[in-house]
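K.L.:
return atomic coordinates for the entry below.
(one chain, ligands or ions: 1)
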Amino acid sequence: MLLPVIEIIIFAIVSFCLYKFFRKRKYQLLSCMAVIAVLFLILLIQFAFLPSGNGVKINYKEGQNLTLEVHTPYGGDDVTAKKGFTGITDTLKAEGEINTDVLGEYTIRYSVEYDGKTYYSDRVIKVVDTTAPELKLEDGLKFSAIDNYDGDITDKVAVTTEKQEDGTYLVKYAVTDSEGNTATAERHVDKVDTEAPKMTLNGNKVKVIMLGETYNDEGAKAQDDMEGDLTSKITSNADEVDTNTTGVYTVTYKAEDSSGNVGEITRNVHVLKKVGYDPNLAKTEDGSSIIHLTFDDGPSANDVTTRNLDTLKKYGVKATFFVVNYGEEGLKTIKREIEEGHTVAIHTYTHDYNKCYGSEDAYFEGVMKMHDKILADTGYDTNIIRFPGGSSNAVSKKYVPGLMTRLTKRMLDAGYLYYDWNVDSTDATTKNQKNADAIYQNVISGLSKGRHNYILMHDIDAKSATADALPRIIEYGLENGYTFEPITSSTPVCAHGINN
Ligand code: ZN
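P.N.:
Presented below is the predicted three-dimensional model:
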């Protein structure tokens with residue numbers, strides 16, 4: 001619009017001056033010709049300066065290429081088209097996608113058709129984020145950072161605390177968004193939070209799941225000294241527990257207070273395979289042949305247990321001792337068992353069947369007592385048990401019908417793993433207990449390759465024949481490709497069927 005107006009004004013002024021000039025000198029014809037000449041000159045300039053395309057032009061009021069702040073709508077209202085002096089904006093077409101909510105470079109092609117020809121021009125629009133995050137200081141020591149593009153980036157806030165001369169603290173906050181825009185803030189406080197939230201588990205620290213069962217995570221609680229209940233902020237990796245793969249999974253629960261102190265607590269989830277007498281069930285994953293030597297009822301008052309320990313030491317073999325209540329001498333033996341790398345596990349507090357199986361609580365509390373005693377005496381924390389008579393015992397039926405059905409479940413729920421056996425040395429029978437040959441024969445004939453072999457033996461005073469047979473048993477195993485392993489909480493559970 002501007003150009004024609006200026007042109008007309010210039011034309012009018014120049015024409016008027018020329019007309020006056022020649023008129024004064026009475027050159028009528030010349031004055032007319034001069035006016036016409038100026039008119040031609042202007043038309044010439046007009047065409048000389050017009051763009052190619054027969055005077056079709058696409059104009060951008062805000063410049064051809066644009067930089068737009070993210071989330072600013074783009075309408076293209078500043079784009080116009082002209083043919084010469086005539087506006088043809090209504091025939092203008094725009095092609096190309098632009099999403100101003102996503103950073104990037106976009107190209108919009110503007111075109112007009114005129115006289116069957118298409119004239120176009122590209123506009124490049126850069127969508128950028130130059131806005132710093134909004135850093136908000138809230139009550140207590142809380143804060144938040146919201147970015148126009150990244151959203152909530154509170155977890156990216158760096159907090160530094162400087163102690164001031166007057167004993168107060170200067171807390172400085174800084175946060176940078178993904179485009180490098182930084183916001184800072186600071187405040188003075190009298191107290192700072194250096195204490196991590198206190199974590200407590202819902203349910204037991206050890207959880208036992210049988211292969212294929214469903215794991216329901218019971219979660220945890222978090223309590224912060226300055227911010228109160230932070231349970232809702234707890235994150236965990238509980239979904240990594242794969243109940244279709246045996247193993248020990250450590251579930252870690254974490255909660256962070258707004259000063260960045262992280263409280264943490266863990267739970268071990270055991271996914272176990274039950275292996276009974278069936279040799280197929282006890283198969284090892286890698287085909288290896290494993291012997292778990294186990295000794296019940298010790299430590300002995302005489303030298304039976306120490307003789308066994310000497311033999312194990314000589315061959316460099318580790319075993320598992322399911323112990324009963326012990327005195328001062330017994331404690332020394334248990335300490336040696338631990339020091340030499342054997343597993344110390346719980347058999348029972350008392351072996352009197354009428355007492356230990358007098359009620360569910362009687363056995364359960366006996367195990368708790370043993371657990372706490374061993375822990376207090378040695379610092380050794382065990383969650384491995386063996387029921388007197390095995391989980392398949394029927395003797396408990398005499399005292400409490402259905403006891404083993406409930407007790408096995410209760411022990412597992414409390415995080416105690418129970419191990420029966422699939423090879424019986426028969427050293428418990430009076431017929432065999434004095435016969436080392438029979439004990440040796442019963443053990444080696446019970447062994448199977450490619451599986452876990454849980455061997456039942458005893459180490460009370462009367463079992464010296466077992467101590468006599470032990471070197472031969474170990475030698476047989478070593479010569480025949482067996483490896484000896486103590487039972488740990490990642491050993492598959494060997495469980496008999498329940499008979500009560
Ligand atoms: Zn026993």
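K.L.:
I'd like to know how far the residue most central in space within the chain sits from Lys369.
P.N.:
Centroid-nearest residue in the chain: Asn237, 4.4 Å away (criterion: Cα atoms, centre = their mean). Remark: distance between Asn237 and Lys369 (Cβ to Cβ, to the nearest Å) = 34 Å. Every C-beta, even on glycine, is put in place using the N, C-alpha and C of the backbone.
K.L.:
returning to what we had before: phi, psi of the residue nearest to the centre of the chain?
P.N.:
The phi/psi pair for Asn237 (degrees, to the nearest 10) reads phi -110, psi 30.
K.L.:
thinking it is in contact with Glu264, fair?
P.N.:
No - the criterion here is Cβ atoms under 8 Å, and Asn237 misses it with Glu264 at 11.7 Å.
K.L.:
shared neighbours, these two?
P.N.:
Common neighbours of Asn237 and Glu264, counting by Cβ atoms under 8 Å, 6 or more residues apart in numbering, are Thr252.
K.L.:
what's the spacing between the residue lying closest to Asn261 once chain neighbours are set aside and the ion?
P.N.:
Of all residues not flanking Asn261 in the chain, Ala196 sits nearest, at 4.0 Å (Cβ to Cβ, 6 or more residues apart in numbering). Distance from Ala196 to the ion, counting by Cβ to the ion, to the nearest Å: 45 Å.
K.L.:
only the buried residues of stretch 209-216, if you could.
P.N.:
Ile209, Tyr215 (16 or more other Cβ atoms under 10 Å).
K.L.:
cool, and stretch 9-22?
P.N.:
So stretch 9-22, judged by 16+ other Cβ under 10 Å, has buried residues Phe11, Val14, Ser15, Leu18, Phe22.
K.L.:
ok, of the residues you listed, which one's closest to the ion?
P.N.:
Phe11 (121.8 Å; Cβ to the ion).
K.L.:
pretty sure the closest one contacts Phe40?
P.N.:
No - Phe11 lies out of contact with Phe40 (Cβ under 8 Å); the separation is 10.8 Å.
K.L.:
and the contacts of the one helix or strand Arg472 maps to?
P.N.:
Assigned by DSSP states H and E, Arg472 belongs to helix 464-479. With contact meaning Cβ under 8 Å, 6+ apart, helix 464-479 is reached by 291, 293, 295, 302, 304, 307-308, 311-312, 314-315, 317, 425, 427, 432-437, 439-440, 443-444, 447, 455, 457-459, 484.
K.L.:
next, count neighbours for Gly104.
P.N.:
Number of residues near Gly104 (other Cβ atoms under 10 Å) recorded here: 12.
K.L.:
distance of the closest residue in space to it that isn't next to it in sequence relative to Val70?
P.N.:
Among residues not flanking Gly104 along the chain, Val127 sits closest, at 5.7 Å (Cβ to Cβ, 6+ apart). According to Cβ to Cβ, Val127 stands 5 Å off from Val70.
K.L.:
joint contacts of the two?
P.N.:
Thr100, Val102, Leu103.
K.L.:
just give the closest residue to the second one, not the sequence neighbours.
P.N.:
The one in question is Val102. Val127 (6.8 Å).
K.L.:
quickly find the element holding the one you found.
P.N.:
Counting by DSSP H and E, Val127 is found in strand 117-128.
K.L.:
so what are the sheet partners of the following helix or strand past that strand and their directions?
P.N.:
Of the helices and strands lying after strand 117-128 in sequence (DSSP H and E), the nearest is strand 134-137. The pairing partners recorded for strand 134-137 under DSSP bridges are strand 143-147 (antiparallel).
K.L.:
who touches the strand it pairs with?
P.N.:
With Cβ under 8 Å, 6+ apart, strand 143-147 has contacts from 131, 133-138, 152-154, 156-157, 159, 173, 175, 177-178, 181, 183, 185, 258.
K.L.:
distance from it to the middle of the chain?
P.N.:
Relative to its chain's centre, strand 143-147 lies at 24 Å (Cα atoms, centre = their mean, to the nearest Å).
K.L.:
contacts made by the very next helix or strand once past that strand with the rest, please.
P.N.:
As assigned by DSSP H and E, the chain's next helix or strand after strand 143-147 is strand 151-152. For strand 151-152, contacts defined as Cβ under 8 Å, 6+ apart pick out Ser144, Ala145, Ile146.
K.L.:
can you give the distance from strand 151-152 to the centre of its chain?
P.N.:
21 Å.
K.L.:
sorry, back to before: what would the buried residues of stretch 9-22 look like in CSV with secondary structure, distance to the ion and pLDDT?
P.N.:
Putting the buried residues of stretch 9-22 into CSV (DSSP: H, G, I helix; E, B strand; the rest coil; distance: Cβ to the ion, whole Å; pLDDT from 0 to 100) gives the following:
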residue, secondary structure, distance to the ion, pLDDT
Phe11, helix, 122, 74
Val14, helix, 125, 77
Ser15, helix, 127, 76
Leu18, helix, 131, 74
Phe22, helix, 137, 75
